[in-house]
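> no sequence for this one, just the structure:
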């Protein structure tokens, strides 16, 4: 439930993560969020994962049709972003990357784009934005004098060779590239871009780099009770009181993980009438009140979590969550986390989206902080670096070619 995800840092494979789930706001998309791997890393993964079966679905031959006529795309520039020309092959790759990765994750297809008023314009806007995200890498590299070395280029050569070695023939390799909307030149460019980003991440964004919080500073920040709260909690969701009636689910329920059990309970809850759902909510509140009484009477809180808690994250992070003011938890949870004194247990905290929380604030464990300081700093720095990237993107100048302005939903294959 409190799973880590990487919201968009407007670049490639940024490792900072925010928590989202039952206590999160689940709104990573509003800022234009991308997946943890950027398009350049995804292209590398697609080709590297190739096998020699040769049965991958292959897209149509790359082509551009403008005003009903095929256009020669060799060297054709579709737009210029931040002073960098974006040729047709590059634009086409990002176009399908956005369509296939982002849109289809939400169940949207090219036909949905076609039938939605303004849908194609939105697809073009999202494509340009995706390119701008990744071109921040070039911007930061130039601004900070970061370049690929001969050794970096050799590593790129090695990665390309590994991709070739993963299939049986040159033809299968080229087919795999085509299946990923790549050419040989574009694949190399993507690998170079990914390598360049990794250098930026290691030298600027982490490891006490230019834009990273220094470790000594962070150790002070994490001990500031106004900036960080370490908490454990018991989640009692409304749906935990729903009765499962599906026989197949019942047969496997005892062997399920807590996460799967919760999913099964949600399914059962959602199938109920509004009246029965309200009964479940009332029963969940009664249970939460009983658990709160046990906690107040001095019963071991960690044992109560094991017995009554429904957050799988508490299994994965028994040491608790380190909540800062920018952590993406539902506001009720975060507010209560900072109102508590150390070793104090909260009253029942309700989130209408999830149910009832009983929260206990713990002292900060500096041994844990020392062991996990790099990942904690990355999470803490996430908003600051997001702001940095957003600012760079907002300043990028985009010039569109005449061909771009004539694009229709049938232009690019």
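Happy to help now that I have it. Nothing here was measured: the structure is a model prediction, and the numbers come from that model.
> C-alpha only now, for contacts and for neighbours.
Fine.
> how near is the residue with the largest distance to the centre of the chain to residue 304?
Summary for the chain: using Cα atoms, centre = their mean, the residue whose C-alpha lies farthest from the chain's mean C-alpha position is residue 297, with a distance of 40.8 Å. Between residue 297 and residue 304 the distance is 12 Å, computed by Cα to Cα, to the nearest Å.
> ok, now residue 361?
The gap separating residue 361 from residue 304 is 15 Å, by Cα to Cα.
> swap in residue 88?
In terms of Cα to Cα, residue 88 sits 59 Å off from residue 304.
> do the same with residue 233
Residue 233 sits 9 Å away from residue 304, taking Cα to Cα as the criterion.
> same thing with residue 172?
Using Cα to Cα, we find residue 172 at a distance of 56 Å from residue 304.
> who has more neighbours out of the two?
When neighbours are counted by other Cα atoms under 10 Å, residue 172 comes out ahead of the other of residue 172 and residue 304, with 20 against 16.
> what helix or strand is that one on?
Under the criterion of DSSP states H and E, residue 172 resides in helix 170-179.
> same deal with residue 399?
Counting by DSSP H and E, the element that carries residue 399 is strand 398-400.
> name the helices or strands packed onto that strand?
Using 3 or more Cα pairs under 8 Å, 6 or more residues apart in numbering; DSSP states H and E as the contact criterion, the neighbours of strand 398-400 among helices and strands are strand 77-81.
> within its sheet, name the partner strands of the strand it packs on and how each one runs.
Within its sheet, strand 77-81 is paired with strand 84-87 (antiparallel), strand 398-400 (antiparallel), according to DSSP bridges.
> out of those, deepest packed?
Comparing the strands paired with strand 77-81 on average neighbours per residue, with mean count of other Cα atoms under 10 Å, the densest one is strand 84-87 at a mean of 16.
> which helix runs longest in the chain?
With secondary structure taken from DSSP state H, the chain has its longest helix at helix 119-143.
> ok, and what's touching it?
10-12, 38-39, 81-82, 91, 94-95, 98-99, 112-114, 146-147, 193, 196-197, 200, 389, 392-393, 396, 408-409 (Cα atoms under 8 Å, 6 or more residues apart in numbering).
> can you turn the buried part of these into a PyMOL selection?
Applied in PyMOL, the following selects the buried portion of these according to 16 or more other Cα atoms under 10 Å:
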select buried, resi 10+11+12+38+39+81+82+91+94+95+98+99+113+146+193+196+197+200+389+392+393+396
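> tell me which of the contacts of helix 119-143 fall in helices.
Using DSSP H, the contacts of helix 119-143 in helices are 39, 91, 94-95, 112-114, 193, 196-197, 200, 389, 392-393.
> mind picking the two most distant members of those residues?
Pairwise distances across those (Cα to Cα) peak at 38.4 Å, for the pair 114 and 200.
> A strand includes residue 357, no?
Yes. If the criterion is DSSP: H, G, I helix; E, B strand; the rest coil, then residue 357 is within a strand.
> residue contacts, it?
With contacts defined as Cα under 8 Å, 6+ apart, the neighbours of residue 357 are 233-236, 288, 333, 348-351.
> repeat that for residue 148.
192, 195-196.
> want to throw the residues you listed into CSV with pLDDT and distance to residue 126?
Conversion of those to CSV gives the following (pLDDT from 0 to 100; distance: Cα to Cα, whole Å):
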residue, pLDDT, distance to residue 126
192, 97, 23
195, 97, 24
196, 97, 23
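> list just the nearest of those to residue 251.
The closest of the contacts of residue 148 to residue 251 turns out to be residue 195 (Cα to Cα; 48.9 Å).
> what's around the closest residue to the closest one other than its chain neighbours, how many residues?
Taking Cα to Cα, 6 or more residues apart in numbering, and ignoring the residues beside it in sequence, residue 195 has residue 152 as its nearest neighbour in space, at 7.3 Å. When neighbours are counted by other Cα under 10 Å, residue 152 registers 15.
> just the element for residue 152, please.
Under DSSP H and E, the secondary-structure element containing residue 152 is helix 150-165.
> buried stuff in that helix?
Burial within helix 150-165, assessed by neighbour count using 16+ other Cα under 10 Å, is assigned to 156, 159-160, 163-165.
> ok, now stretch 235-255?
Applying a neighbour-count criterion of 16+ other Cα under 10 Å, the buried positions in stretch 235-255 are 235-242, 244.
> and residue 285, what does it touch?
Contacts here follow Cα under 8 Å, 6+ apart; on that basis residue 285 touches 238, 356.
> recalculate using a threshold of 7 Å.
Contact criterion Cα atoms under 7 Å, 6 or more residues apart in numbering gives no residues in contact with residue 285.
> centre of the chain to stretch 58-73, how far?
Centroid separation for stretch 58-73 versus its chain: 33 Å, with Cα atoms, centre = their mean, to the nearest Å.
> and what of stretch 208-226?
On the basis of Cα atoms, centre = their mean, stretch 208-226 is displaced by 24 Å from the centre of the chain it belongs to.
> what does it rub up against?
By Cα under 7 Å, 6+ apart, stretch 208-226 touches 203-206, 227-228, 364, 377, 381.
> can you turn the buried part of these into a ChimeraX selection?
Only the buried entries of the contacts of stretch 208-226 go into this ChimeraX selection, using 16+ other Cα under 10 Å:
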select :203,204,205,206,228,364,377,381
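> wouldn't residue 400 be in contact with residue 79 here?
Yes. With contact defined as Cα atoms under 7 Å, residue 400 reaches residue 79; the gap is 4.3 Å.
> can you get me a residue count around residue 97?
The local packing of residue 97 (other Cα under 10 Å) involves 21 other residues.
> look up the closest residue to it, ignoring the ones flanking it.
Nearest to residue 97 is residue 39, by Cα to Cα, 6+ apart, at 6.9 Å.
> hey, what's residue 237 bridged with?
Using DSSP bridges, the beta-bridge partners of residue 237 come out as residue 355.
> just to revisit the earlier point, so which of the contacts of residue 148 comes closest to residue 311?
For the contacts of residue 148, the minimum distance to residue 311 (Cα to Cα) is 37.2 Å, reached by residue 195.
> so that closest one versus residue 335, what's the distance?
Where residue 335 is concerned, residue 195 sits at a distance of 40 Å (Cα to Cα).
> same question, residue 407
The spacing between residue 407 and residue 335, counted by Cα to Cα, is 49 Å.
> so the two - more neighbours on which side?
Residue environment comparison for residue 407 versus residue 335 gives the larger neighbour count to residue 407, 17 against 13, counting by other Cα under 10 Å.
> pLDDT score assigned to the residue nearest to that one when sequence neighbours are not counted?
What sits nearest to residue 407 in space, not counting adjacent residues and going by Cα to Cα, 6+ apart, is residue 66, at 6.6 Å. Confidence per residue is given as pLDDT, and for residue 66 that number is 97.
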